[in-house]
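Trainee: model this:
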Amino acid sequence: MNLLILGGTRFLGRAIVEAALVGGHDVTLFNRGQSGPDLFPDLERLQGDRDGGLSPLIGRRWDAVIDTCGYVPRLARASAELLAESVAHYTFISTISVYADHATIGLDEQSLLDSIEDEAVEEITGETYGPLKALCEQAVDAAMDGRALHVRSGLIVGPHDPTDRFTYWPYRVAKGGAILAPGDPEQPVQFIDVRDIAAWIIRATERRLTGPYNVTGPQRRLAMQEVLASCQQVSQSQAAFTWVSEEFLLKNEVPYMEMPLWVPAEYAGFGTVNCARANGAGLEIRPLTDTIRDTLAWLNTRPANYEWRGGLTPEREANLLQLWHEREGI
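Mentor: Predicted coordinates:
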């Protein structure tokens, strides 16, 4: 397969390129050349910008394109319309955030999509991200006329994750000591190893699957306490978990990025998404312990002065634990 990848040098894009090369495909990258410029030196690179700089794509043909970095409908429409006659298939990386009701258990591909009053908005925030991705899907569909796959991914984790939304837990548990753990230990959580979703995306593109697919994992119910116990098993740490209530976290204004994987009950749908369609289309999920082990190995290669983007600082965690113990009279 002769494959064009929009992006291809950051996290998921990087993993998709690696999976494509393992599959023996010819890959061309189109991006601004700002992230990972030293990656994949043997691949053809077309340098340009999605916002008015698509000219390097004109006059070229590929079997398929994978769009890893479409966030606003105007730009998704521009690339899809330009490539509509140049590719047979368009894979668009979307998100489970497209759904309107995040409290619903078992969201599937037919669930109601979120919307936005002003569809011309291009500022990406927590409120606009999902609706804008839904509009991107619609723009790609209109241009590709039934030849588009929409990968509605869940939280993507693993080596090279720039967000720390999962990495914090293997790291923190490995350090040991008293650990503040969020909410109900039995609360279900979902996420997918970047290498697993990348491999599925390549297989799905090879097969020219179309329409929306929820793609996250695992393929069974996974509780938050099992995630932390698995982190402890892999690192063999002496961590001691103190589970604090949702009410306490909300009262003390602990946001998602300070407590990765945890969401309040009103967002329970994020941990219970129905992925039966992707599972039936060959989605394979590696063991959780493998993801934890490989994430730990990778994070140990980062600079010692790395500034974490997610998780509690030691000072914040100690303060919250003290407040919790005072409240509970411990």
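Trainee: What segments of the protein are strands?
Mentor: Using DSSP state E, the strands of the chain run over 2-6, 26-31, 44-47, 64-67, 89-95, 148-153, 156-157, 178-182, 192-193, 211-215, 240-244.
Trainee: quick one: low-confidence ranges for this structure?
Mentor: Scanning the chain for pLDDT under 70 picks out the ranges 330.
Trainee: show me where it has helices.
Mentor: For the chain, the helices defined by DSSP state H occupy 11-22, 73-83, 129-144, 168-175, 194-207, 224-235, 246-251, 276-280, 288-299, 314-328.
Trainee: can you pull the contacts of residue 140?
Mentor: Listed by Cβ atoms under 8 Å, 6 or more residues apart in numbering, the contact set of residue 140 reads 67, 70, 76, 77, 80, 90, 92, 148, 150. In this view, the C-beta of every residue, glycine as well, is placed from N, C-alpha and C.
Trainee: correct me, but the fifth one touches residue 144?
Mentor: If I follow you right, that is residue 80. Yes: with contact defined as Cβ atoms under 8 Å, residue 80 counts as touching residue 144 (5.9 Å).
Trainee: Please enumerate the shared neighbours of the two.
Mentor: With Cβ under 8 Å, 6+ apart, residue 80 and residue 144 have common neighbours residue 90.
Trainee: In terms of neighbours, single out the busier of those two.
Mentor: A count of neighbours by other Cβ atoms under 10 Å puts residue 80 above the other of residue 80 and residue 144, at 25 against 21.
Trainee: Can you tell me the closest non-neighbouring residue to that one?
Mentor: In space, and not counting its chain neighbours, residue 80 is closest to residue 143: 3.6 Å by Cβ to Cβ, 6 or more residues apart in numbering.
Trainee: do the same with residue 10
Mentor: residue 35 (4.9 Å).
Trainee: Residue 223 too?
Mentor: With sequence-adjacent residues excluded and distances taken as Cβ to Cβ, 6+ apart, residue 223 is closest to residue 186, at 4.8 Å.
Trainee: I'd assumed residue 226 was in contact with that neighbour.
Mentor: No: using Cβ under 8 Å, residue 186 is not in contact with residue 226, being 9.2 Å away.
Trainee: Looking at the two, which one has more neighbours?
Mentor: residue 226 (16 against 10).
Trainee: What's the local residue count around the residue nearest to residue 80?
Mentor: 20.
Trainee: residues touching residue 172, list them.
Mentor: 179, 239, 311, 312.
Trainee: Redo those residues as CSV? Include neighbour count and distance to residue 262.
Mentor: Converted to CSV, these look like this (neighbours: other Cβ atoms under 10 Å; distance: Cβ to Cβ, whole Å):
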residue, neighbour count, distance to residue 262
179, 21, 13
239, 18, 17
311, 20, 11
312, 22, 11
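Trainee: Closest to residue 42 out of these?
Mentor: Comparing those against residue 42 with Cβ to Cβ places residue 311 closest, at 36.5 Å.
Trainee: Name the nearest residue to residue 58, ignoring sequence neighbours.
Mentor: residue 82 is the one closest to residue 58 (Cβ to Cβ, 6+ apart), at 7.1 Å.
Trainee: dump the residue contacts of the one you found.
Mentor: The contact partners of residue 82, by Cβ under 8 Å, 6+ apart, come to 54, 57, 58.
Trainee: Tell me the one of those nearest residue 41?
Mentor: For the contacts of residue 82, the nearest to residue 41 is residue 57 (21.2 Å; Cβ to Cβ).
Trainee: tally of neighbours for that closest one?
Mentor: With other Cβ under 10 Å as criterion, residue 57 counts 20.
Trainee: What of residue 158?
Mentor: When counting by other Cβ under 10 Å, one arrives at 25 neighbours for residue 158.
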